[in-house]
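1. okay, structure incoming, though there's no sequence with it:
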């Protein structure tokens, strides 16, 4: 008998059966007590605060021994009401909100939203080419940083620590690129309706080229660690199986869909931002399991680097060209510049609106406080985010604020497939399956 | 819409934004054939495969290169099945609710974007129901992935999806009152004071229309 009694760990009788509270350190007594109940079926609550559930995800597991009979996901722990909030801000301010949804892929949220606003405005073809190339480059860098977290934390959750160290080392380099270009490492609000917030800083292209070279070299570390690794294969091969029919009925997209052999990638099937002008391959696997999804993410890194290489070539040729639509009624008036105290409104712009032209001041004031009007109607635009189809449903009533902003988050839809992937498997395989879906709870709950 | 230019409220001299101006969502009328793109083909195929087309589809709207079918709610499941099985729209990308308080007897809209992987086409289904009777048949039987999306739309708009296997709140707590994304639900927030001046919470600030 144990002499230590934990005042918080207890058991109580309910109509559903005995409920045990576990606080850690009392596993022995718990196992003894459960063993004494002769109950085959145990319901275990896992999360929302759990190191292996990929964020604040709560899983309710019905177990028989180690076999999972039923899985239920509990979500909503990170609900922030971004969609509602966006209805009370101007169209431009919406970017600052939506970038915080899927916090590992902020640039995809921004791009999807801005493409929607541009479609509503009817200026899709007026966005300068240089802006589109910058968008593509930023998104592909973002795909790398997002996949790095997916791979790193996925491996960590299965007990492999070293890949995470390597992944976060690589991600750091990508975040440095973001910091250099936009001033921020996350939630940049860099992509704006009509273009991007500002052009690349002088001399950044050689630096980016250098980063691409380093990334290409360092990705090999993880490949060597994991591909073909016996332990890794045993934890991932044949785990979390979901076939094409399951994916289509559950609305699952992204690497999970591509792991069934379906080459569905919106960058190819419905190109946006000029993706039709880039050479890259859609990576697929046929195993429809965790290992297949892992291989897809690994191979997509190289494809992203290929696209970035082409972006840099294009950017070198378009040096000095505009990065925002010419329409002054839409383009954000503030010109940013680096001053002695950091990034801020450029002194030239301040001089113009404060000292030279009253009309400029009025224009600046109206556009910043009131915003631009967007013709009434609704649109749906989609981009291929690292997790699948990120769709935006925008409704305008003709005003200066969105009437409705809805994000069709791939994490939200893909997470639904947990039950289909895990029921009947062992409890340890849930971790691998959820990691291969790679849900980001900020995106799931919005 | 008879707004002129980008700025200012039409009809009055008020440009302050405090004029109590009402936001009226525009209702686009039905589109005329030819719709353009692959939309005629979709409409033709649907008419052939579903003889009650004229009765089930209230309006067909083509706007900004997107096709929207406004469907009577009684026929929603039938049309969805035809779209899935005959027209190969294998995937439903969820459901998004929209609340139009001024659209009398059609206050709540449920919007379903559909995707065909085989034909690389998209259409949108839209169902309009009155606030007093917010029932829409569930499409979980047609596309299992609509389960969570319908729960979210119920949670946020109060649209009741009949036949859903477990229509409970999904994002808000179970005991939450009201449906937060409806237009009559306030955003909330508190006024912020700074050096004697008070800034109202976002939903009470000036609104330009």
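-> Sure thing, it's come through. Just so we're clear, the structure is a prediction, and the values are computed from it rather than from any experiment. Residues are numbered from 1 along each chain as shown, chains lettered A, B, ... in the order given.

2. got the domain ranges for chain A?
-> A:11-74, A:90-328+A:371-445 (automatic domain parsing).

3. number of nearby residues for residue 98?
-> Because you didn't say which chain, this covers chain A. 27 (other CB atoms under 10 Å in any protein chain shown). In this view, the C-beta of every residue, glycine as well, is placed from N, C-alpha and C.

4. wait, I meant chain B there
-> The tally of other residues near residue B:98 (other CB under 10 Å) stands at 23.

5. could you list the low-confidence segments of the chain?
-> By default, I'm working from chain A. For chain A, the stretches flagged by pLDDT under 70 are A:1-9, A:24-26.

6. try chain B instead
-> In chain B, residues with pLDDT under 70: B:1-28, B:207-209.

7. show me the helices in it, by range?
-> Here chain B has its helices, by DSSP state H, at B:39-49, B:53-56, B:76-85, B:146-157.

8. who touches the second one?
-> Pointing back at helix B:53-56 there. Residues outside helix B:53-56 that contact it (CB atoms under 8 Å, 6 or more residues apart in numbering or on different chains): B:46-47, B:50, B:71-72, B:75, B:78-79.

9. list only those of those flagged as buried.
-> B:46, B:50, B:71-72, B:75, B:79 (16 or more other CB atoms under 10 Å in any protein chain shown).

10. may I ask which two of those are separated the most?
-> Greatest spatial distance among the buried ones among the contacts of helix B:53-56 (CB to CB): B:46 and B:72, at 14.1 Å.

11. any chance of JSON lines for the helices of chain B, columns distance to residue A:57?
-> Shown next, in JSON lines, are the helices of chain B (distance: least, CB to CB, whole Å):
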{"stretch": "helix B:39-49", "distance to residue A:57": "38"}
{"stretch": "helix B:53-56", "distance to residue A:57": "40"}
{"stretch": "helix B:76-85", "distance to residue A:57": "30"}
{"stretch": "helix B:146-157", "distance to residue A:57": "13"}
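
12. how about these, which one is nearest residue A:204?
-> helix B:146-157 (40.6 Å).

13. close to chain A, is that closest one?
-> Yes - for helix B:146-157 and chain A, the contact criterion (CB under 8 Å from any CB of the partner chain) is met by B:146-149, B:152, B:156.

14. picking that back up, hey, which of the domains of chain A is tucked in deepest?
-> domain A:90-328+A:371-445 (a mean of 21; mean count of other CB atoms under 10 Å in any protein chain shown).

15. chain center to it, what's the gap?
-> Offset of domain A:90-328+A:371-445 from its chain centre (CA atoms, centre = their mean, to the nearest Å): 6 Å.

16. next: stretch B:124-144.
-> 10 Å.

17. what does stretch B:156-164 give?
-> Taking CA atoms, centre = their mean, the mean C-alpha location of stretch B:156-164 is offset from the chain mean by 13 Å.

18. ok, now stretch B:157-175?
-> 17 Å.

19. ends of that stretch, how far apart?
-> Start-to-end span of stretch B:157-175 (CA to CA, to the nearest Å) is 15 Å.

20. and the contacts of it?
-> So stretch B:157-175 is contacted by A:75-76, A:79, A:445-446, B:97, B:99, B:108, B:110, B:129, B:134-141, B:147-148, B:150-156, B:176, B:179-182 (CB under 8 Å, 6+ apart).

21. stretch A:435-443 now?
-> Against stretch A:435-443 from outside (CB under 8 Å, 6+ apart): A:54-57, A:75, A:77-78, A:80, A:100-105, A:150, A:153-154, A:157-158, A:236, A:239-240, A:255-256, A:289-290, A:293-294, A:386-387, A:407, A:409-412, A:414-415, A:417-418, A:421.

22. what do you get for stretch A:60-72?
-> Under CB under 8 Å, 6+ apart, the answer for stretch A:60-72 is A:40-46, A:59, A:73-74, A:418-419, A:422-428, A:430.

23. among those, which lie within strands?
-> A:41-46, A:59, A:73-74 (DSSP state E).

24. any chance of the residues you listed in CSV, plus distance to residue B:90?
-> Below are the ones in strands among the contacts of stretch A:60-72 laid out as CSV (distance: CB to CB, whole Å):
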residue, distance to residue B:90
A:41, 36
A:42, 38
A:43, 35
A:44, 35
A:45, 35
A:46, 32
A:59, 28
A:73, 24
A:74, 29
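
25. from those, which are also near chain B?
-> Within the ones in strands among the contacts of stretch A:60-72, nothing lies near chain B by CB under 8 Å from any CB.
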